[in-house]
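Student: this one's sequence-less:
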């Protein structure tokens, strides 16, 4: 297992186009998270899944954003009708729900989106 | 006002120096406190986490949490050029709005050889 894998690493698109990012979590992890990070800022929570169920969405996740995790394995994050303000690093993380409660997140390398 | 405030830096120190990185927070529901390191164009990687108040040491790194002051710190001893990165504090609670990990904005550290 090589950790959390994200693809593509960098996507350049024109305003108004749709883009999709994929995340493959650590195989035994049942929780999967999407975060967004802009330059000079820390990551901000977007949404999270426990197995295949999407349990929480941030108000940052507008109607143009949709995330899925079919069969509780990989996840996709789609952004429709992209805007220049969507330019950011999209980070995926996974964790294992444990009795300790620490719920430590392991992050992928991120998918960088540039909207022209 | 953000829930988590972090000294923005940037911070530049000579090799071998002791580095102190700090965050303050406002949400008293936060119970788990973490430090992540992020190299340029990479994802954050976990350095340390602590639960509630106290100190935790791991090699050259020491994390301190003072819940009464809502203040956390990360100390790096004998800093190395390979420590050059952005350091992010992060914290969460166990319920309600504090359930998800909230990050500071990061401190960029450069250790000069």
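Tutor: Received, thanks. These numbers were taken from a predicted model, which means no experiment stands behind them.

Student: pretty sure residue A:55 contacts residue A:33?
Tutor: No: between residue A:55 and residue A:33 there is no contact under C-beta atoms under 8 Å: 10.5 Å. C-beta here means a position set from N, CA and C on the backbone, and glycine is covered the same way.

Student: Around chain A, pick out the residues from chain B.
Tutor: Residues of chain B that fall close to chain A, judged by C-beta under 8 Å from any C-beta of the partner chain: B:4, B:6, B:8, B:32, B:34, B:36, B:41-46, B:49, B:51, B:88, B:90, B:92, B:94, B:99-106.

Student: who's residue A:5 bridged to?
Tutor: residue A:24 (DSSP bridges).

Student: and if you look at residue A:76?
Tutor: Residues in beta-bridge contact with residue A:76 (DSSP bridges): residue A:22, residue A:68.

Student: one step back: can you pick out the residue with more neighbours from residue A:55 and residue A:33?
Tutor: Taking neighbours as other C-beta atoms under 10 Å in any protein chain shown, residue A:55 and residue A:33 compare with residue A:33 leading, 27 against 11.

Student: tell me the contacts of the more buried one?
Tutor: A:45, A:46, A:47, A:48, A:49, A:92, A:93, A:94, A:95, A:105, B:100, B:101 (C-beta atoms under 8 Å, 6 or more residues apart in numbering or on different chains).

Student: Check the gap between the fourth one and residue B:48 for me.
Tutor: Distance, residue A:48 to residue B:48, using C-beta to C-beta, to the nearest Å: 23 Å.

Student: One more: the second one?
Tutor: Computed as C-beta to C-beta, the residue A:46 to residue B:48 distance reads 25 Å.

Student: thinking again about what came up before, now the buried members of the contacts of residue A:33.
Tutor: Buried by 16 or more other C-beta atoms under 10 Å in any protein chain shown: A:45, A:46, A:47, A:48, A:49, A:92, A:93, A:94, A:95, A:105, B:100, B:101, out of the contacts of residue A:33.

Student: In three-state terms, label the second one for me.
Tutor: Following DSSP: H, G, I helix; E, B strand; the rest coil, residue A:46 is assigned to strand.

Student: No more questions from me, cheers.
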